[in-house]
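Colleague: what shape does this take:
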Amino acid sequence: MEERYIRNIPAVSAEEQETLAAKRVLVVGCGGLGGYLIEYLARMGVGEITAVDGDVFEPSNLNRQILSTPALLGRSKAIAAKERVETVNPLVKIRAVKIFLDESNAADLTAGQDLVLDALDNIPARLILEDACARAGVTLVHGAIRGWFAQIAVVPPGSGLLHRLYAKSETVGDQASLPFTPPFCAAVQAAETVKLLCGQPSILEGHLLLSDLRRMDWDILPL
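Modeller: Down below sits the predicted model:
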């Protein structure tokens with residue numbers, strides 16, 4: 001057991017810690033949600049992370065994205081994620097992919113992954129990702145934020161949960177994203193990810209957690 005993981009025990013067992021080291025996850029999006037997801041999973045000791053994002057940092061990211069700094073403005077988010085993981089935990093294998101997910105690359109990105117994490121910021125890409133996960137037979141851990149609100153769901157392959165969830169959604173003008181909402185949402189996603197990778201059940205499988213941090217309201221809806 002690496003000493004860096006000692007404080008993970010016994011919240012996860014030594015056997016589960018070894019299991020995590022053998023797992024591969026895909027994180028699509030390295031912004032507000034994705035940056036924290038990658039940070040949490042790297043510190044947890046997930047063996048291999050593929051970080052996908054075709055975007056670069058801009059000043060509006062500085063209020064909430066853990067990977068963004070003034071010095072990195074204009075630089076690739078995926079490369080920043082890779083450099084961060086290599087600094088934080090060199091035991092984790094990290095691959096940076098500087099592309100935006102679309103129909104032409106979704107199948108290749110999801111192939112061979114033990115779990116896929118949705119840290120995207122638009123509905124069309126989320127639906128493409130859900131379809132690719134269904135074809136690959138891999139579970140998707142969905143997260144989305146706006147302002148004070150966060151939602152998380154564990155999407156079994158082939159369930160069509162996101163297609164049903166977003167069936168009547170339209171583009172919303174409100175793009176507010178507060179500093180504390182992304183790490184909250186990512187923490188729940190990361191917790192579900194660790195449980196799933198260790199073979200534990202997830203209460204959010206096929207369910208949607210809705211959180212309002214202003215009112216401190218929490219609801220879990222079956223879908």
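
Colleague: hmm, D174 and G147 touching each other?
Modeller: Yes - look at G147 against D174 with C-beta atoms under 8 Å: they come within range, at 6.7 Å. For glycine as for every other residue, the C-beta is placed from the backbone atoms N, C-alpha and C.

Colleague: settle it for me: which of the two has more neighbours?
Modeller: Neighbours were counted for G147 and for D174 using other C-beta atoms under 10 Å; G147 has more, 14 against 8.

Colleague: ok, that one - contacts?
Modeller: Contacts for G147 (C-beta atoms under 8 Å, 6 or more residues apart in numbering) come out as 174, 176-178, 181.

Colleague: repeat the analysis, applying 10 Å as the threshold.
Modeller: 174-178, 181, 212-214 (C-beta atoms under 10 Å, 6 or more residues apart in numbering).

Colleague: show me where this protein has strands.
Modeller: Assigned by DSSP state E, the strands in the chain fall at 24-28, 48-52, 93-97, 115-118, 140-146, 149-155, 207-212, 217-222.

Colleague: I'd like these as a markdown table, with distance to G35 appended.
Modeller: Below are the strands of the chain laid out as a markdown table (distance: least, C-beta to C-beta, whole Å):
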| stretch | distance to G35 |
| --- | --- |
| strand 24-28 | 9 |
| strand 48-52 | 9 |
| strand 93-97 | 13 |
| strand 115-118 | 12 |
| strand 140-146 | 12 |
| strand 149-155 | 15 |
| strand 207-212 | 19 |
| strand 217-222 | 24 |
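
Colleague: and those strands: which comes nearest C185?
Modeller: Among the strands of the chain, strand 149-155 comes nearest to C185, with 3.9 Å by C-beta to C-beta.
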